[in-house]
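Novice: Pasting the sequence and the predicted model now:
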Amino acid sequence: METVAIPTSGQPTKEMELGLVPIQVLENAWHQAAPLLQKALARAADGLTLEDVYAHLCLGEMQLWATWEKGKVDCLAYMVTQFLKDHGQYTLLIRLFAGLNRELWLHFLPLVEDWALMEGATKIEVWGRAGWERVLAPHNFKKKLVVLSKELRPKRMDS
């Protein structure tokens, strides 16, 4: 867990904290995380469901991160990550960002990068909507590819 003081425009400084949610307390955290994650999943295009995310988290195949204001119980935001190994590279994939007041928690990305390096990752990828390109550009994320998708439906056979 890391604490950082964040100046907010015209308001007193808020101390924000970031932490990985341990599997042992996942069930308790899930009640608050699920509604926010569901909103993010509704905009995702990869077919991942809330049930899928929970199952992968319980198995330790994904990680749930939480951000909250120091001294408060409710979390402002959640992030779901997953390690992928492809072509000999170990990548930390940020599957979901969900929450409120992005400016209060997005600055934690360098801490996530440090953690990914300690875990052996050589890069971080974000699979998300086009708007994340603009949001993450100041954090040195670059667009590497565009994914185009089309839903296929069986053609009706009229008799």
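Specialist: Ah, there it is.
Novice: use CA for all of it now, contacts and neighbours both
Specialist: Noted.
Novice: what ranges do the strands span in this structure?
Specialist: Assigned by DSSP state E, the strands in the chain fall at 2-8, 11-20, 63-69, 75-86, 89-99, 123-126.
Novice: Let me know which of the ones you listed is tucked in deepest.
Specialist: strand 63-69 (a mean of 22; mean count of other C-alpha atoms under 10 Å).
Novice: Asn101 - nearest residue in space that isn't next to it in sequence?
Specialist: Using C-alpha to C-alpha, 6 or more residues apart in numbering and skipping the chain neighbours, the partner closest in space to Asn101 is Leu76 (7.2 Å).
Novice: and the gap between that neighbour and Leu106?
Specialist: The gap separating Leu76 from Leu106 is 11 Å, by C-alpha to C-alpha, to the nearest Å.
Novice: Same question for Arg129.
Specialist: Counting by C-alpha to C-alpha - Arg129 and Leu106 are separated by 16 Å.
Novice: Looking at these two, which one has more neighbours?
Specialist: Leu106 (15 against 11; other C-alpha atoms under 10 Å).
Novice: got the angle between the lengthiest helix in the chain and strand 63-69?
Specialist: Counting residues, the longest helix found in the chain (DSSP state H) is helix 26-43. Relative orientation of helix 26-43 and strand 63-69, computed by axes from the mean of the first three to the mean of the last three C-alpha atoms, to 10 degrees: 100 degrees.
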